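> for reference, the sequence and a predicted model appear below.
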Amino acid sequence: MKGLPPVLITAIVLVAGFVLCALQFPNIASTRVVCNLLTDNAFLGIVATGMTFVIISGGIDLSVGSVIGFTTVFVALAIERWGMPPLVAFAAILALSAAFGAAMGAVIHLFDLPPFIVTLAGMFLARGASFLLSTESVPITAPIYSTVSDFALRLPGGGRLTAVAIIMLVIVIGGALLLQLTRFGANVYALGGSRVTASLMGVAVGKMTIRIYMLSSLLAGIAGIVFSFYTGAGYSLSAVGVELDTIAAVVIGGTLLTGGQGSVVGTFLGVLIQGLIQTYINFDGTLSSWWTKIATGVLLFAFIALQQVMIALARRPAVRPAGATS
Amino acid sequence: METSPDSAPCLLEVRGISKSFGAVRALQDVDFTLRAGEIHALLGENGAGKSTLIKVVTGVFPRDAGIVRLGGAEVAPRSSKAALEAGIATVYQEVNLLPNLSVAQNLFLDRQPMRFGIVREGEMRRRAKALLAEFGLDIDVAAPLGSYSVAIQHVTAIARAVDLSARVLILDEPTASLDRHEVEILFKIMRQLAGRGIGIVFVSHFLDQVYEISDRITVLRNGRLVGERETASLPRLELIRMMLGRELAETTSARAPASEQQVREICASFEGYGKSGYVAPFNLELRHGEVVGLAGLLGSGRTETARLVFGAERSDQGQAKVEGAPVRLQTPRDGVRHGFGYCPEERKTEGIVAELTVRENIVLALQAKRGLYLPLSRREQDEIAARFVKLLDIRPPDPERPVGLLSGGNQQKVLLARWLATSPRLLVLDEPTRGIDVGAHAEIIRLIRELCEDGLALLVISSELDEIVTYSDRVVVLRDRAHVEELQGEAIDVSNILAAIAADNSAVAQEGRP
Ligand SMILES: Nc1ncnc2c1ncn2[C@@H]1O[C@H](COP(=O)(O)OP(=O)(O)OP(=O)(O)O)[C@@H](O)[C@H]1O
Ligand SMILES: [Mg+2]
């Protein structure tokens, strides 16, 4: 479907990278390592799914990292200090983050402001609010946390598909279906093509904008909960800069930063590529973990350059004689 | 018409509409009445306020005053979605579709066939195919719309609006990029729809089409209502007087015969020039002071020829010469360097920079040609802009206005001015009079002839055969991506061109991807 060629390239890069890593460290090619990779990057996969919708619609959401941070602090405090049952705390934070996203979307639409500015403000707001709640790391000891952490599907080869990895896979699949198969998904692409045109064609642009940012923040909230499962604590400095990793994953996955094209599947592959680089560095043991950032940067450059080439090619109308104008 | 539209009930009533954009009063106290089952032409010069009226009625722009009644009940849509829900479907002047979505998605955006919350892709494609088949198009509806020609995109936009089966259908210059055959199909469908009681508003600068299709005409001038008439009882000259507020200067006389006698110097020549799978090799000589017209159906290779000549497309065979010397013409830069100018057909969407002012848009190409190190002084810019604003009668005559705020036709004049300002030796114009009103149309034709007298070589593409006949010294006729005939002197007339176009095959405009 849409954006297939870039996705294919991402897939090829991932497979090639995996094969290369496996040649050097044969252990990498095991279900255990792959499952760990999924677990470690579960929260990233979840936010990146939401970010894909935002970017395809022609926007950007810089607040997701802060929303994750806020979520972890809120959940920790609600369970540990305020005595809320964990499920109630989860429901409350999801409602809160969805409302936060909806508010950002509404501001973007009503005041016709650039999403970059509005979500930047959202980023400071959410991060600031989490400091307001607590500046220290708050460990979570609720039994549900150990239950969830212990839960895993055992795969042949010693792999453990953890609960958070399963949640991520479900969200990625659900996101992909939502984007490709529903009217909502088609409207997301329409907005990315042109907001003005989409509105003239009868798309309720305001409602869509609100829903898209709501979805992104909601998924950031879920990612925050997953993150708290993963770390077992709430900390106001967690997930700093994750919005940038997320955007990188989306772009490496073949989504156009200018909107209108892209896919959730591609984003998922982008997340895996970042995870693979991290895994390689862990296996190597001598490299600094900052190499992840460098490798990601190089890949990002390569993909953006590639996209420009593809756009330039697509602009040349003449390649298709019988469809050209006269 | 068998049914007398007079007795038909009022469908859409617009009363006392006013709309200002800052100091510009785009509409003042305008009335408009559309009856069920009629085709109503909305006419006026560029900038008269036609598109603004449409956008105010469909809620794209808020209105300052006035009311709109649909079927007797007052409506005040606040967006085109709301207008659509009230029963008014519109194709706006700027083709408003999404190039990144598939053709099928464009046709059914926001109203896809669904089952259990899921778009039925197969069903949607089947319906899209059937819908386009009514318009004589057989294309792959799963491909992105942007991969098709402007004409196909336009047909898609119209098909979408028609399929919305609203009570009122508004088409703002729908025929501007269609060829004769497609226009015929559109008219047939419009008549069918009118027969079903749908009221249709039709904006066009092609008066022939207006007389062919419309029952009634409303004319606007400078944002005011001039009057409403029945088409059948309105002589053409009277209509033009209503639109312009004056008589049309006699400009479309025959070519000056003297120009045919003298032998002119060759400006550029092309021998065996072509590109396989694009245009068959052709020979073409362009002389100083001569207009060569390219005629043919949509898809016959006219634009392709123009692009090869300018260098916008690489040739893979043949030799190009400029002033007798062999040259390479493989990129648009090459074309510009040799003093060629090219005003493309999709200029409306591609050429203008909406945020820049009229002046800045006009000097853009000239500045690029001179290079960044030789900036034009502000005084020079002002002079150039003022000259072309006057020459082409760009309205409002304010060089400091952002181009995006001009009416569609005036934007096109600005683009034409941009290339004229570079004083090229060869100018390629693809459909220079599309979307331009009768007054300016005559001006542009006069201008083309004047430019020629100054020694410019012109290659002009037009679907308006009358127009081509008026200004061309030679006419090249294309068919199926090959140059099939060259007419000269006395031989240039509409019937000869038509004969050459129609010769042997009648398969028309099966536009689409292979
Ligand atoms: N968004 C806008 N902001 C400011 N002025 C505008 C805007 N849109 C249109 N105008 C002005 O309103 C007037 C009417 O423009 P409109 O587009 O309705 O003309 P039109 O009759 O459709 O002309 P054309 O035949 O060239 O399409 C023009 O003077 C134009 O400059
Ligand atoms: Mg208009």
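Right, received. Where do you want to start? Ligands and ions are numbered 1, 2, ... in the order given.

> contacts and neighbour counts: CA atoms only from here.
Noted.

> where's the residue nearest the centre of chain A, which helix or strand?
The C-alpha lying nearest the average C-alpha coordinate of chain A belongs to residue A:48 (Cα atoms, centre = their mean; 1.0 Å). For residue A:48, the enclosing helix or strand under DSSP states H and E is helix A:42-56.

> look at the spatially closest residue to the residue nearest to the centre of chain A that is not a sequence neighbour and give its secondary structure.
Ranked by Cα to Cα, 6 or more residues apart in numbering or on different chains and with sequence neighbours excluded, the top spatial neighbour of residue A:48 is residue A:246, at 5.1 Å. State at residue A:246, reduced to three classes by DSSP: H, G, I helix; E, B strand; the rest coil: helix.

> pretty sure residue B:328 contacts residue B:337?
No: with contact defined as Cα atoms under 8 Å, residue B:328 does not reach residue B:337; the gap is 10.7 Å.

> now do the residue nearest to the centre of chain A against chain B, distance only.
Residue A:48 sits 22 Å away from chain B when distances are taken as Cα to the nearest Cα, to the nearest Å.

> quick check: that residue vs residue B:175, distance?
From residue A:48 across to residue B:175, the span is 44 Å (Cα to Cα, to the nearest Å).

> cool, and residue B:449?
Going from residue B:449 to residue B:175 by Cα to Cα gives 26 Å.

> for the two, indicate the residue with more neighbours.
Ranked by neighbour count (other Cα atoms under 10 Å in any protein chain shown), residue B:449 and residue B:175 place residue B:175 first, with 26 against 21.

> surely the more buried one meets residue B:204?
Yes: the pair residue B:175 / residue B:204 is scored as a contact, 7.3 Å apart, by Cα under 8 Å.

> mutual contacts of these two, please.
With contacts taken as Cα atoms under 8 Å, 6 or more residues apart in numbering or on different chains, residue B:175 and residue B:204 have no neighbour in common.

> where does the residue in the stretch 101-250 of chain A that ligand 1 sits nearest to fall, secondary structure wise?
Taking Cα to the nearest ligand atom as the measure, the point where the stretch 101-250 of chain A comes nearest ligand 1 is residue A:196, at 12.6 Å. Of the helices and strands defined by DSSP H and E, residue A:196 is found in helix A:195-200.

> show me what that helix is packed against.
Here helix A:195-200 touches helix A:183-193, helix A:205-231, helix B:80-86, going by 3 or more Cα pairs under 8 Å, 6 or more residues apart in numbering or on different chains; DSSP states H and E.

> chain A against ligand 1: which residues are in contact?
Proximity of chain A to ligand 1 is assessed by Cα under 6 Å from any ligand atom, with no residue identified as in range.

> so where do the helices sit in chain A?
If DSSP state H is used as the criterion, the helices of chain A fall at A:4-24, A:31-40, A:42-56, A:64-80, A:86-110, A:115-133, A:143-150, A:163-181, A:183-193, A:195-200, A:205-231, A:242-252, A:264-284, A:290-315.

> adding distance to residue B:392, write those helices out as a markdown table.
Output for the helices of chain A, formatted as a markdown table (distance: least, Cα to Cα, whole Å):
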| stretch | distance to residue B:392 |
| --- | --- |
| helix A:4-24 | 46 |
| helix A:31-40 | 65 |
| helix A:42-56 | 42 |
| helix A:64-80 | 53 |
| helix A:86-110 | 39 |
| helix A:115-133 | 41 |
| helix A:143-150 | 74 |
| helix A:163-181 | 48 |
| helix A:183-193 | 34 |
| helix A:195-200 | 30 |
| helix A:205-231 | 38 |
| helix A:242-252 | 46 |
| helix A:264-284 | 51 |
| helix A:290-315 | 31 |
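
> of those, which is nearest residue B:226?
Within the helices of chain A, the stretch nearest residue B:226 is helix A:195-200; the backing value is 28.8 Å (Cα to Cα).

> for that closest one, buried residues please.
For helix A:195-200, a neighbour-count test (16 or more other Cα atoms under 10 Å in any protein chain shown) marks A:195, A:197-200 as buried.

> including pLDDT, could those residues go into JSON lines?
Converted to JSON lines, the buried residues of helix A:195-200 look like this (pLDDT from 0 to 100):
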{"residue": "A:195", "pLDDT": "88"}
{"residue": "A:197", "pLDDT": "86"}
{"residue": "A:198", "pLDDT": "89"}
{"residue": "A:199", "pLDDT": "86"}
{"residue": "A:200", "pLDDT": "83"}
